[in-house]
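Engineer: need a 3D model of the sequence below.
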Amino acid sequence: MRIVVHGQQAFGKAVLEALLKRGENVVGVYVAPEKEGQKADPLKEAALAAKLPVFQPASYRKPEVWEEFKALAPDLQVMAFVTLFVPEEFLNIPTKGSIQYHPSLLPAYRGANAINWPIIKGEKETGLSIFWPDNGLDTGDVLVQKKTPISAADTLGTVYFDRLFPMGVEAMCESVDLVKAGKAPRIKQDEAKATYEGRCGPDNARIDWGKPWEQIDRLIRGCNPSPGAWTTLNGAKVKVFDIKPIPARDPKGIGGKTGEVVEVDKDGFTLAVADGRIKILRVQSEGGAKQAASDYVTAANISNGTRFV
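Structural biologist: Numbering: from 1, shown residues only. The predicted structure follows:
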């Protein structure tokens, strides 16, 4: 098959390299355009190193972009981390269609930030879907799905980089094999089970220390490393990354107001929350680098009674 790879960043690069290693006939690569002053995308660099033609249209709604794609005579478009809207006029150009990666078990968690939300919401598992995209938002028929558990220690980073990233590359290759063999299924999504949480950005990531420890713990883990759950100290934003929750058996015996530092030790500092305490191990001050909470204690003059809000 004549394959076109469409994507960006490290995941797009990994999918391209995996297909080339298998000896697939990749005839072109579509990459998101860089913003002014931005470094070349890793997928673009990999494509140029492989001497493949690279295309970076700012929009896929234009007939001239469709014609350029048609000139490649593609059989299959493999979409790995695509953020621009791609209409069906473009998707349907390859003779065998287009397949796309999405990091959730569709129809659950459609849309962007599909890895953050299952952690934040307390799901026990998540996964990935390879599907046949259409004009809807992650609404196309499913081809392949893979599951992975979410542990009480998992973060956005561990779920994605340790599992959904490598599993996604393998699933893409498996899907290409199914398409090539004429055995690729098209499983309709159950709209009754569809969910969409929207963007997980700074507005969603503010920590409310008055919430139960489990909710705070899941928010911090689900936003680590991006967008970073945050709080404020004396009006300045502080992002919180690594923590250790300490549930309290007797909430009346916790001591301290919510968000107040109740202990400082060599590893960091501990705050009171609604039903327990949370030990802070790694933070990032506004405009600064990530640092051990023990170093931040000295820099920010943290002591018992200091209160984060």
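Engineer: walk me through the domains of the chain.
Structural biologist: If you go by automatic domain parsing, the domain ranges for the chain are 2-193, 213-300.
Engineer: span of the longest one from start to end?
Structural biologist: With CA to CA, to the nearest Å as the measure, domain 2-193 spans 35 Å from end to end.
Engineer: quick one: that domain to chain centroid distance?
Structural biologist: Centroid separation for domain 2-193 versus its chain: 13 Å, with CA atoms, centre = their mean, to the nearest Å.
Engineer: can you check stretch 201-216 too?
Structural biologist: Averaging C-alpha positions (CA atoms, centre = their mean) puts stretch 201-216 19 Å from its chain's average.
Engineer: return the distance of residue 85 relative to residue 137.
Structural biologist: With distances taken as CB to CB, to the nearest Å, residue 85 is found 9 Å from residue 137. The way it works is simple: take the backbone N, C-alpha and C, and place the C-beta from them, glycine included.
Engineer: er, residue 232 I mean
Structural biologist: Look at residue 232 and residue 137: by CB to CB, they are 34 Å apart.
Engineer: also residue 245?
Structural biologist: Distance of residue 245 to residue 137, given as CB to CB: 34 Å.
Engineer: those two: which is more packed in?
Structural biologist: Neighbours of residue 245 and residue 137, each counted by other CB atoms under 10 Å, are more numerous for residue 245; the result is 18 against 13.
Engineer: buried sites along the longest helix seen in the chain?
Structural biologist: Taking DSSP state H as the assignment, the helix of the chain that covers the most residues is helix 165-180. Across helix 165-180, burial judged by 16 or more other CB atoms under 10 Å covers 165, 167-169, 171-173, 175-176, 178-179.
Engineer: just give me the closest of the residues you listed to residue 59.
Structural biologist: Nearest to residue 59 among these: residue 172, at 24.9 Å, using CB to CB.
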